[in-house]
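Trainee: need a 3D model of the following:
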Amino acid sequence: MSEKKLIKQGAESRIYIIDHLGQNIIQKERFPKKYRIEQLDKMITKQRMKAELKALSKCHNANIKVPIVYNSDFKTHSIFMEYFPNAITVKDAFNKFNIDNDKIGIERLGNILGHTIGKLHNNGIIHGDLTTSNFLIENYKYSENPNTISELITIDFGLSRFFDSSQNVFISSILEDKAVDLYVLERAFISTHSDLTDIMENVILKAYISEVDNNFGNIKKSNPNLLVDNILQTQLNTNLNDNESDISDDEIIINDKLNKSINYNTNKTASSFIFKKLAEVRLRGRKRTMVG
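Mentor: As a prediction, the model looks like this:
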């Protein structure tokens, strides 16, 4: 490996560009946390690296666009992956569209974002840190020709979780994780794009519902052993005995702090159970219920 250039540092890792054999690639290097016990820090770092690698692999298998992984090194806590030189974050794209008053671009981007998150959840992948900074777009000036881009690049799966047929989990646990994923995005969106909050409720969440409800059957056919399929099928055929909330299935309140709401006629669709749980998460925040 040749000289590397630091381009970003977050709370968990540093991102470098490396010129490797004439090709620029990304090195994501997790650094030690001095405030943690060394053994604990090593264990957490290893777990998060494994989670990220597995999530990236699952996304590739599900045809969800993510960086290609070239190599990993657990000694240096590094993952070496594909670099997208012409990409910017969805956060920056929203801001640029907003400055340009490009409403078509904003709605198109929000729609693709909602569908992308729906694809992740349909395939049993919980991102864990959904913000507009963790999605990339390679050509943000695409609203002049909406057909030039049809997908986003999802990154940063260090906090991800996923469900498959080898795991024994409760239905409510999967719903909770999906709801918390959406809640994290919602709070991040309100904080980062405070003048675009209507896009969250009117575009992103509606696109998510469309993806989850309309395309889940395709996931079922292509991966019949996916645990999420069995769980959602159970949800669609039975009523969950969930007495934790008085909110009805027939009304989901979105963005109540902004005094705005959308009423969804749930009709026991796959998304209705997720949105019922999301309403509960909004009432209590990200904290999980401790019952039993």
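
Trainee: CA only for contacts and neighbour counts going forward, please
Mentor: Noted.

Trainee: so which elements touch the helix or strand hosting Leu182?
Mentor: Secondary structure from DSSP states H and E places Leu182 in helix 171-192. Counting by 3 or more CA pairs under 8 Å, 6 or more residues apart in numbering; DSSP states H and E, the packing neighbours recorded for helix 171-192 are strand 125-126, helix 270-284.

Trainee: what packs against the helix ranked longest in the chain?
Mentor: If you go by DSSP state H, the chain has its longest helix at helix 38-61. Counting contacts by 3+ CA pairs under 8 Å, 6+ apart, helix 38-61 is packed against strand 161-162.

Trainee: other residues contacting stretch 75-95?
Mentor: Contact with stretch 75-95 is made by 17, 24-31, 45-46, 49, 67-73, 106, 109, 132-140, 192-193, as judged by CA atoms under 8 Å, 6 or more residues apart in numbering.

Trainee: quick one on the thing from earlier: in a markdown table: the helices and strands packed on helix 171-192, plus mean neighbour count, mean pLDDT and distance to Glu12.
Mentor: Output for the helices and strands packed on helix 171-192, formatted as a markdown table (neighbours: other CA atoms under 10 Å; pLDDT from 0 to 100; distance: least, CA to CA, whole Å):
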| stretch | mean neighbour count | mean pLDDT | distance to Glu12 |
| --- | --- | --- | --- |
| strand 125-126 | 25 | 94 | 19 |
| helix 270-284 | 20 | 90 | 26 |
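
Trainee: mind putting these into JSON lines with distance to Glu3?
Mentor: Below are these laid out as JSON lines (distance: least, CA to CA, whole Å):
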{"stretch": "strand 125-126", "distance to Glu3": "34"}
{"stretch": "helix 270-284", "distance to Glu3": "46"}
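
Trainee: send me stretch 178-197 as PDB with only the CA atoms.
Mentor: This file holds the C-alpha atoms of stretch 178-197, laid out as PDB (Å, rounded to 0.1, in the frame of the first residue of the first chain):
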ATOM      1  CA  LYS A 178     -36.800  -1.500  11.800                       C
ATOM      2  CA  ALA A 179     -38.800   1.100  13.600                       C
ATOM      3  CA  VAL A 180     -35.700   2.400  15.400                       C
ATOM      4  CA  ASP A 181     -33.900   2.600  12.100                       C
ATOM      5  CA  LEU A 182     -36.700   4.800  10.700                       C
ATOM      6  CA  TYR A 183     -36.800   6.800  13.900                       C
ATOM      7  CA  VAL A 184     -33.000   7.500  13.700                       C
ATOM      8  CA  LEU A 185     -33.400   8.700  10.200                       C
ATOM      9  CA  GLU A 186     -36.400  10.800  11.100                       C
ATOM     10  CA  ARG A 187     -34.600  12.600  13.900                       C
ATOM     11  CA  ALA A 188     -31.500  13.100  11.800                       C
ATOM     12  CA  PHE A 189     -33.500  14.400   8.900                       C
ATOM     13  CA  ILE A 190     -35.400  16.900  11.100                       C
ATOM     14  CA  SER A 191     -32.100  18.100  12.600                       C
ATOM     15  CA  THR A 192     -30.100  18.200   9.400                       C
ATOM     16  CA  HIS A 193     -32.800  19.300   6.900                       C
ATOM     17  CA  SER A 194     -35.200  21.300   9.100                       C
ATOM     18  CA  ASP A 195     -36.700  23.100   6.200                       C
ATOM     19  CA  LEU A 196     -37.400  19.800   4.300                       C
ATOM     20  CA  THR A 197     -39.300  17.900   6.900                       C
END
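
Trainee: any residues touching it, and which ones?
Mentor: Counting by CA under 8 Å, 6+ apart, 91, 94-95, 121, 126-132, 200, 274-275, 277-278, 281-282, 286 sit against stretch 178-197.
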